[in-house]
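>>> After the sequence you'll find the predicted model.
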Amino acid sequence: MITDNNSSTTPKKRNRLREFFELNEVFGYFFRGKDPSRPRNFNILVMHGINKISIVVFLLGVMFLLLKIALR
């Protein structure tokens, strides 16, 4: 078990399954604000657009597989 350094008497329980299914970084990629210090040219815009499309297609594929397994 992992213990907290501040309190050595109470062990800190981690929920690994919940950490595995966290999608904060994925949704943060779609809904992050504009950063003025980040360079903006056509190549970077296209790269991020393709990345967003590939993430959506991947998530749709995973949902399709889960639905197919559930209806089996």
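Looks like it arrived, so ask away. Numbering: from 1, shown residues only.

>>> and the gap between L59 and L66?
As judged by Cβ to Cβ, to the nearest Å, L59 and L66 stand 11 Å apart. C-beta here means a position set from N, CA and C on the backbone, and glycine is covered the same way.

>>> so where's the chain uncertain?
The chain contains residues with pLDDT under 70 at 1-12, 20-21.

>>> could you show me where the helices are in it, in order?
Ranges of helices in the chain, per DSSP state H, are 16-20, 24-30, 42-70.

>>> Run through the neighbouring helices and strands of the last one.
Read that as helix 42-70. With contacts taken as 3 or more Cβ pairs under 8 Å, 6 or more residues apart in numbering; DSSP states H and E, helix 42-70 sits against helix 24-30.

>>> picking that back up, and the helices of the chain: which comes nearest P36?
helix 42-70 (14.0 Å; Cβ to Cβ).

>>> ok now that closest one, how far from the chain's centre?
Relative to the centre of its chain, helix 42-70 is centred 12 Å away, using Cα atoms, centre = their mean, to the nearest Å.

>>> Show me which residues of it are buried.
Of the residues in helix 42-70, none is buried by neighbour count under the rule 16 or more other Cβ atoms under 10 Å.

>>> that older thread, can you list the helices of the chain in JSON lines and add distance to P36?
Listed next are the helices of the chain as JSON lines, based on distance: least, Cβ to Cβ, whole Å:
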{"stretch": "helix 16-20", "distance to P36": "33"}
{"stretch": "helix 24-30", "distance to P36": "18"}
{"stretch": "helix 42-70", "distance to P36": "14"}
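
>>> and K52, what is it in contact with?
By Cβ atoms under 8 Å, 6 or more residues apart in numbering, K52 lies in contact with Y29, F30.

>>> Next, count neighbours for D35.
Residues near D35, counting by other Cβ atoms under 10 Å, number 8.
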